[in-house]
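Chemist: this is the structure alone, sequence omitted:
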């Protein structure tokens, strides 16, 4: 059983480290958009087909893109008070709510009385929607054209796409398939599922820092009481716990220097929210931790005191995300000055950790968190 648990932990560590590579059989680990596809799939933003494939070269409809964009921004639950009417969409259409939310957040406009939900979304449309999710610096048409001057088909792009394309280029959001050599915008071509994943991925990154005004109203950072990590920093909606931070964990089973062995798996939990000094929640209470005992030595009279060293590997957050949480710590007993002298001379101390004990561990790698939803960014 112990060996099985060790294998399971090792597998989880590999999955967390590689971003759940090979989530789809037709998306290899070295595919140009594999990271974006797998991470958005893990978040439920995009899904595969019933046969388990992703089919990255297939097209995406305008309705599908609106739905994906709203999921990517985490706004599925927002209510729209004044919906917009279209002649080609009824209230029972599967993406009706998502389209209304995309309109409310200014991702798309309602200049026409039709939406064309089943038309393929073009590269120009998908990139424009992604840029519209952001607060961006206004640029002139001249500056946009200057930014786009290296593209061979610049003269063929729609006039209304010039400014959004220029902004996208400046923000490194102008996704192109590597096979094109980054020389063509192909603005009117339908966007592939892989391109859409890459575009949405970049939109999420930028929206965390500079969402548009309406998104900023709802993408508030969550606050609460808890254990304050003094060195934590905040940029936009991203919080960072630096490497070297000391955080408390609570191991959920008894551990003993006399009974356990190196490599034994342990489970733990976060006993209280980890927060910034501004009370933004970084890691939520009751997140689950997994690790193994790195070093175990029995306490023996006149030879040595007991040793229990923890090597934490993973965290499972309340939103069911499994991510890397690399930390180490040592279980020790609190001793008064007299017992310190005794144990230094006689040795032989036995270590026992019960589930109600709090153990401090030191983070070995920094952790970045989306403060609006608790998602750990890797």
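Modeler: Looks like it arrived, so ask away. Note that this is a predicted model, so its numbers are computed, not measured. Numbering: from 1, shown residues only.
Chemist: what separates residue 51 from residue 31, distance-wise?
Modeler: Look at residue 51 and residue 31: by CB to CB, to the nearest Å, they are 18 Å apart. Yep, even glycine has a C-beta here, placed from its N, CA and C like the rest.
Chemist: please report how far residue 74 lies from residue 142.
Modeler: Per CB to CB, residue 74 is found 36 Å from residue 142.
Chemist: ok, the two, which is more surrounded?
Modeler: residue 74 (19 against 10; other CB atoms under 10 Å).
Chemist: same drill for residue 51 and residue 31, tell me which one is more crowded.
Modeler: Neighbours were counted for residue 51 and for residue 31 using other CB under 10 Å; residue 31 has more, 19 against 8.
Chemist: can you pull the phi and psi angles for the more buried one?
Modeler: phi -70, psi 140 (degrees, to the nearest 10).
Chemist: so what's the residue count around the closest residue to it other than its chain neighbours?
Modeler: Counting by CB to CB, 6 or more residues apart in numbering, residue 31 lies nearest to residue 56, which is 7.1 Å off, once chain neighbours are set aside. By other CB under 10 Å, 20 other residues sit near residue 56.
Chemist: residues in contact with residue 56?
Modeler: With contact set as CB atoms under 8 Å, 6 or more residues apart in numbering, residue 56 has these partners: 26-27, 31, 33, 37, 192-194, 197.
Chemist: which of the residues you listed sits closest to residue 372?
Modeler: In terms of CB to CB, no member of the contacts of residue 56 lies closer to residue 372 than residue 197, at 20.9 Å.
Chemist: isn't that closest one up against residue 46?
Modeler: Yes: contact criterion CB atoms under 8 Å: residue 197 and residue 46 qualify, at 5.9 Å.
Chemist: what helix or strand is residue 76 on?
Modeler: Here residue 76 sits in a region with no helix or strand, counting by DSSP states H and E.
Chemist: so it sits right up against residue 70, yeah?
Modeler: Yes: the pair residue 76 / residue 70 is scored as a contact, 6.1 Å apart, by CB under 8 Å.
Chemist: what residues are shared contacts of the two?
Modeler: 98, 101.
Chemist: more neighbours, these two?
Modeler: residue 70 (24 against 12).
Chemist: mind checking the SS state of the more buried one?
Modeler: helix (DSSP: H, G, I helix; E, B strand; the rest coil).
Chemist: over to residue 294?
Modeler: strand.
Chemist: pull the number of nearby residues for it.
Modeler: 16.
Chemist: residues near residue 354, how many?
Modeler: Neighbour tally, residue 354, other CB under 10 Å: 10.
Chemist: residue contacts, the closest residue to it other than its chain neighbours?
Modeler: Among residues not flanking residue 354 along the chain, residue 254 sits closest, at 5.7 Å (CB to CB, 6+ apart). Contacts for residue 254 (CB under 8 Å, 6+ apart) come out as 352-355.
Chemist: between these, which is closest to residue 187?
Modeler: residue 355 (59.4 Å).
Chemist: what's the spacing between stretch 322-339 and its chain's center?
Modeler: Distance of stretch 322-339 from the chain centroid (CA atoms, centre = their mean, to the nearest Å) equals 28 Å.
Chemist: can you give me the buried ones in it?
Modeler: Residues 322-327, 329, 331 are the ones in stretch 322-339 that count as buried (16 or more other CB atoms under 10 Å).
Chemist: tabulate the residues you listed (CSV), appending secondary structure and pLDDT.
Modeler: Shown next, in CSV, are the buried residues of stretch 322-339 (DSSP: H, G, I helix; E, B strand; the rest coil; pLDDT from 0 to 100):
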residue, secondary structure, pLDDT
322, strand, 92
323, strand, 94
324, strand, 95
325, strand, 97
326, strand, 97
327, strand, 97
329, strand, 94
331, coil, 88
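Chemist: surely residue 68 meets residue 43?
Modeler: No: Residue 68 is beyond contact range of residue 43, at 10.7 Å (criterion: CB under 8 Å).
Chemist: between these two, who's got more neighbours?
Modeler: residue 68 (27 against 16).
Chemist: ok, that one - contacts?
Modeler: Residues near residue 68 by CB under 8 Å, 6+ apart: 45-46, 60, 196, 200.
Chemist: biggest separation within the residues you listed, which pair?
Modeler: Farthest-apart pair in these is 45 and 60; separation 12.2 Å (CB to CB).
Chemist: does the helix or strand that contains residue 37 pack against any helices or strands, and if so which?
Modeler: Assigned by DSSP H and E, residue 37 belongs to helix 34-42. Taking 3 or more CB pairs under 8 Å, 6 or more residues apart in numbering; DSSP states H and E as contact, the helices and strands that helix 34-42 lies on are helix 193-209.
Chemist: mind listing what's buried along the helix it packs on?
Modeler: 193-204, 206-208.
Chemist: ok, how many other residues are close to residue 215?
Modeler: So residue 215, with other CB under 10 Å, has 23 neighbours.
Chemist: going forward, begin numbering at 463 instead of 1
Modeler: Sure, I'll start numbering at 463, so the last one becomes residue 677.
Chemist: leaving out sequence neighbours, find the closest residue to it.
Modeler: Per CB to CB, 6+ apart, closest to residue 677 is residue 567, 5.7 Å.
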